[in-house]
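> Predicted model and sequence follow; I will ask about them next.
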Amino acid sequence: MARHRLSKKHRTIAMALGGAALLVGGAITAEAASSGSGSAATDGIAARPVSLSKPATFTGRAFDTCTAPTLAQMKAWKTASPYGAAAVYIGGKNRGCAQPQLTASWVTSVSAVGWKLIPLYVGAQPPCRSGSNPEKMTAANAASLGATDGADAGAKAAALGMRPGSAVYLDVEGFDLKNTSCKDTVLSYTRAWNRAAHAKGYRTGFYGFATSSAAAVAAVSPGTDMPDAIWYAAYDGVASTTTGYPFGAKWPVHRRGHQYAIEKKETYGGVTLTVDQNAWDSMVAVVAK
């Protein structure tokens, strides 16, 4: 997902094909049921339960691209493209693209023409990842850094007019699952990030590779301070969140996104964008009126 960190070649090598599925009707749904969202306070962050009744959800096709398109481009794609939701990078020190369009006014305007938005926060990255990142977690700072970043994610979402109750997705890229210390550090950071975002009133999701970062989170989910939704990268070309879904019965209802292809150039309504393609059946932002 994060084009600023991984080339297409390296991202493809970083994971094996996972698979997944969805209906492409583009229907908006609201769940009456709730799901757990964190429990005991640890690492100095008081966990506050988030009301998960009737979360805003979207079922259909979604795209993500590094820099949020202009309002005119979004209007053109809303009319002509098969997409109904768009992911936007709302913050994080590892966010690599400028976001001149991404303002509260833009969020309100694109929502008014029918787009559902998926806020994405590029968190600290695993200590065992090669390459340079402005922010990397360590075993020593994972919990405190996760708490700081989770709170920041909530603040960034609020500043854009995305109300508490919105789902904000944490982006953690792939790493070697055999590195136990690295995996434990990622899980400590993720738990602290979730607690802090929940304390701000936001639901949480997790973006990662089906065979590495997402797999690490799935292995200990459901559980204390695990994400409310999963968004997994498995580049199999299957636009589905059920076919080939790699995590069994976990996150069963309106809690799954599947990034199935990346860096595809598409043209709709005379506007060409390079996007990653996603099947979506999960929570989205609640935008202030």
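Yep, it's here.

> Quickly note the distance from residue 203 to residue 154.
Per C-beta to C-beta, to the nearest Å, residue 203 is found 11 Å from residue 154. Placement of C-beta: from N, CA and C, glycine included.

> more neighbours, those two?
Neighbours per residue (other C-beta atoms under 10 Å) separate residue 203 from residue 154, with residue 203 holding more: 29 against 24.

> OK, contacts around the closest residue to the more buried one other than its chain neighbours?
Among residues not flanking residue 203 along the chain, residue 167 sits closest, at 4.2 Å (C-beta to C-beta, 6 or more residues apart in numbering). Going by C-beta atoms under 8 Å, 6 or more residues apart in numbering, residue 167 touches 55, 118-119, 202-205, 228-229, 282-285.

> doesn't residue 167 fall inside a strand?
Yes: if the criterion is DSSP: H, G, I helix; E, B strand; the rest coil, then residue 167 is within a strand.

> Read off the pLDDT value for it.
Looking at residue 167, its pLDDT stands at 97.

> ok so, going back, need the residues touching each of residue 203 and residue 154.
With contacts defined as C-beta under 8 Å, 6+ apart, the residues shared by residue 203 and residue 154 are 168, 197.

> can you give me the strands for the chain?
27-30, 56-64, 83-91, 116-122, 167-171, 203-209, 229-233, 256-268, 271-283 (DSSP state E).

> For the third one, which helices and strands make contact with it?
Right, the one you point to is strand 83-91. In terms of contacts (3 or more C-beta pairs under 8 Å, 6 or more residues apart in numbering; DSSP states H and E), strand 83-91 is packed against strand 56-64, strand 116-122, helix 142-159.

> quick one: contacts of it?
Contacts to strand 83-91, defined as C-beta under 8 Å, 6+ apart, come from residues 26, 58, 60-66, 68-69, 74, 77, 95, 97, 99, 102, 110, 114-122, 152-153, 156-157, 160, 162, 168-169, 278, 280, 284.

> where in the stretch 151-289 of the chain is pLDDT low?
289 (pLDDT under 70).

> tell me which residues in the helix ranked longest in the chain are buried?
For the chain, the longest helix by residue count, based on DSSP state H, is helix 180-199. Residues of helix 180-199 classed as buried by neighbour count (16 or more other C-beta atoms under 10 Å): 182-183, 185-199.

> Residue 240 touches residue 279, doesn't it?
Yes: using C-beta atoms under 8 Å, residue 240 is in contact with residue 279, at 5.3 Å.

> what sits against the spatially most central residue of the chain?
Geometric centre of the chain, nearest residue: residue 169, 3.1 Å, by C-alpha atoms, centre = their mean. For residue 169, the contact set (C-beta under 8 Å, 6+ apart) comprises 87, 118-121, 204-207, 229, 231, 257.

> Provide a list of residues in contact with the residue nearest to it when sequence neighbours are not counted.
In space, and not counting its chain neighbours, residue 169 is closest to residue 205: 3.8 Å by C-beta to C-beta, 6+ apart. Residue 205 makes contact with 167-170, 227-231, 257, 282-283 under the criterion C-beta under 8 Å, 6+ apart.

> coming back round to it: want to try CSV for the strands of the chain, with distance to residue 222 as columns?
Formatted as CSV, the strands of the chain follow (distance: least, C-beta to C-beta, whole Å):
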stretch, distance to residue 222
strand 27-30, 21
strand 56-64, 18
strand 83-91, 24
strand 116-122, 21
strand 167-171, 16
strand 203-209, 12
strand 229-233, 11
strand 256-268, 14
strand 271-283, 16
